[in-house]
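> sequence plus the predicted model coming up.
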Number of protein chains: 2
Amino acid sequence: MSEPINRQIVLASRPVGKPQPSDFKLQESSIPTPQEGEVLCRTRYLSLDPYMRGRMSSSKSYAAPVEINGVLTGGTVGEVIESKFAELQAGDIVFGYGGWQDYWVLKGKSLNKVDPEVAPISTATGVLGMPGVTAYTGLLNIGQPKKGETVVVAAASGAVGSVVGQIARIKGARAVGIAGSVEKCEFVTKELGFDYCVNHKSPEFAEELKNACPDGIDVYFENVGGKVFEAVLHMLNEFARIPVCGMISMYNATELPAGPNLIPSLMRKILVKRLTIRGFIVWDFASQEKEALQQLTEWIQQGKLVYKEDIVDGIENAPEAFIGLLEGKNFGKLVVRVS
Amino acid sequence: MSEPINRQIVLASRPVGKPQPSDFKLQESSIPTPQEGEVLCRTRYLSLDPYMRGRMSSSKSYAAPVEINGVLTGGTVGEVIESKFAELQAGDIVFGYGGWQDYWVLKGKSLNKVDPEVAPISTATGVLGMPGVTAYTGLLNIGQPKKGETVVVAAASGAVGSVVGQIARIKGARAVGIAGSVEKCEFVTKELGFDYCVNHKSPEFAEELKNACPDGIDVYFENVGGKVFEAVLHMLNEFARIPVCGMISMYNATELPAGPNLIPSLMRKILVKRLTIRGFIVWDFASQEKEALQQLTEWIQQGKLVYKEDIVDGIENAPEAFIGLLEGKNFGKLVVRVS
């Protein structure tokens, strides 16, 4: 039996615009050894999420960029192989930021135990993980949907958007999704139960969105930016709330869009309609994580919250899957099955 | 003795860009007669405020535009001449939206009684009126300055800005003003007690603002827009708050600024820095008006809050004064002494 090896995907070069396969490099390294308080895990699932594009760039953000030749950042569901941390033992399933690799060592206290009885363990990267908590905390703290209000959700079939719209419905609001294909839109209405879903690739997108929101928009959960944001802007009601958690349509942009500069018209809207636009990341609501996960689990068990995963096999396929994610090629929460 | 006449200033034409004297017309009309529940007042002071530019335009806003040949909207301090409203009597001083005219009739219950013992009655158009309450409610509800934080205030010598910075100081924050002349900046620091004031007409404005805010900006009270907003944007700290109550630099604009379109970079800032940008108008906090006026009065009496008025004589001079207001020619709260 050969010695196990640790396959890792590192950042070969900083992508300019759309990432290319050559920006990633698969390398092999030895299995790390845990020290006191640490745990060695083998990756079962690697989460692929849009925020990772930011980590590949050197520009300043809320987290440090990945170094060139550094293992790419990523949330992972792992099985404990060896534990030097009292609260975990071999065979336990945990979630941690292990990165794009087969094996990783992290401090035991940085890991969350995953209960395989509750739901498939891969959901710890999605509906029962960072994307689910992002949706829950962003929508409820900033969006604050009220009964009868209209909540518009971009990237509605994705990991975050799918949860946002379903919670909006649970809270008694109307949920209108925006997605990138007829098939996705059908899924959003039929499976996720949104009231309506509009295809942003339709030539009549703005018109269709207007028809889907006859009473205007009270909450717009922003995670795409660009033309979707501009279409929404004209339909916002007084006192509308816009939680901003991403803008995937801009992540590969190498330059700003052509003029005119629309900031004055945005600011005028903010004033005249008394809008609230507020950026957040999931860590800002860290104290609500436990409550969020409990509630999301309960809704899943009650059948009120459904989810869809897009599972890709093999860590070597992660770069291509990630490149596709930024173009909306995934359908549901994108996860790589690693072992 | 000749019959008194009612001089009125009406909107002759909708201004395109900077208002021209020809957009206004002085006309004479008869004195209106109060019906049951109404009060006839003679204007003592007419308030001139930037928001009026919006009422002269036909574009949709939070209030209906003034009609062509309609008397211009304006807050007025008036003396009761004849009352058919039980709670007011001739000689009382009241504040109401009488408009740009000598005499007006309004429902008694729409008027606020002004106490001449507390402060000069003209202050009911400024520090003890709409601008003061705007500053108080916008800063405390949205800006929420904390001890040691840096609050930047545009139009710092104006009716709203001057109060914002002084309240920030009272709450233990550092107040940095932005104003349009050396003389105004001196007033802002020496008389109003701001920690610093930067002249936005200086060629090194952005650099000077940076020097004035070594710890970045936690609250930016926005009432001017344009290049001031852009300079501030690069200096905002994580979780900074931006109450938006106006953007005077844009009110006369006839077209949007040239590109590129900076909305994506603004949205990225909102996300990465987790900013809150929220528009408001004073009516949104109507329930806090009484509390605000009590507190502002107390601070004036304690000498903690000072104010400056720029008084112009004669209703016939209101158009020119208003045109100047949009160009920052006033120094302090602009009021027209009418009688």
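That came in fine, so what should we check first?
> the closest residue to chain B within chain A: how many residues sit nearby?
Closest to chain B within chain A is residue A:259: 1.6 Å, counting by CB to the nearest CB. The C-beta positions use only the backbone N, C-alpha and C, and glycine is treated the same way. Look at residue A:259: counted by other CB atoms under 10 Å in any protein chain shown, it has 13 neighbours.
> that one: what secondary structure?
Secondary structure, DSSP: H, G, I helix; E, B strand; the rest coil: residue A:259 is coil.
> my read is that it contacts residue B:263, right?
No: using CB atoms under 8 Å, residue A:259 is not in contact with residue B:263, being 10.8 Å away.
> which outside residues touch stretch A:297-314?
A:118-120, A:122-123, A:126-128, A:157, A:162-163, A:166-167, A:170, A:187, A:191-193, A:296, A:318, A:321, A:330-338 (CB atoms under 8 Å, 6 or more residues apart in numbering or on different chains).
> can you tell me which of these are in strands?
Judged by DSSP state E, those include A:333-337 as members of strands.
> ok, of those, which one's closest to residue A:203?
Of all the ones in strands among the contacts of stretch A:297-314, residue A:203 sits closest to residue A:334, with 27.7 Å by CB to CB.
> tell me who's in contact with the nearest residue to that closest one once chain neighbours are set aside.
Closest residue in space to residue A:334, ignoring its immediate chain neighbours: residue A:48 at 4.5 Å, by CB to CB, 6 or more residues apart in numbering or on different chains. Residue A:48 sits next to A:74, A:318, A:321-322, A:325, A:330, A:334-336 when contact means CB under 8 Å, 6+ apart.
> in a markdown table: those, plus pLDDT, distance to residue A:9 and neighbour count.
Formatted as a markdown table, the contacts of residue A:48 follow (pLDDT from 0 to 100; distance: CB to CB, whole Å; neighbours: other CB atoms under 10 Å in any protein chain shown):
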| residue | pLDDT | distance to residue A:9 | neighbour count |
| --- | --- | --- | --- |
| A:74 | 96 | 9 | 26 |
| A:318 | 98 | 6 | 21 |
| A:321 | 97 | 11 | 20 |
| A:322 | 97 | 9 | 27 |
| A:325 | 94 | 15 | 22 |
| A:330 | 93 | 18 | 22 |
| A:334 | 97 | 15 | 25 |
| A:335 | 98 | 15 | 28 |
| A:336 | 98 | 10 | 27 |
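> and the spatially most central residue of chain A, what element?
What sits nearest the mean C-alpha location of chain A, by CA atoms, centre = their mean, is residue A:131, with 4.5 Å. Assigned by DSSP states H and E, residue A:131 falls within helix A:130-137.
> that helix to strand A:333-337, inter-axis angle?
Interaxial angle of helix A:130-137 relative to strand A:333-337 (axes from the mean of the first three to the mean of the last three CA atoms, to 10 degrees): 160 degrees.
> which secondary structure elements does the following helix or strand past helix A:130-137 contact?
The C-terminal neighbour of helix A:130-137 among helices and strands, as given by DSSP H and E, is strand A:150-153. For strand A:150-153, the packing partners by 3 or more CB pairs under 8 Å, 6 or more residues apart in numbering or on different chains; DSSP states H and E come out as helix A:161-170, strand A:174-179, strand A:217-221.
> and for strand A:150-153, what's in contact with it?
The contact list for strand A:150-153 (CB under 8 Å, 6+ apart) reads A:139, A:143, A:145, A:161, A:164-165, A:168, A:173-178, A:194, A:209, A:213, A:215-221, A:232.
> enumerate the residues of the stretch 201-339 of chain A near chain B.
Contacts of the stretch 201-339 of chain A with chain B, taken as CB under 8 Å from any CB of the partner chain, map to A:222, A:225-226, A:229-230, A:238, A:244-247, A:250, A:253, A:255-281, A:284.
> restricted to helices, list those.
Judged by DSSP state H, the subset of those located in helices is A:226, A:229-230, A:263-272.
> show me which of the residues you listed has the smallest pLDDT value.
Least confident of those in the model: residue A:226, at 87.
> could you measure from it over to residue A:200?
Per CB to CB, to the nearest Å, residue A:226 is found 9 Å from residue A:200.
> kindly report the same for residue A:293.
In this view, residue A:293 and residue A:200 are 31 Å apart by CB to CB.
> brilliant, that's me finished.
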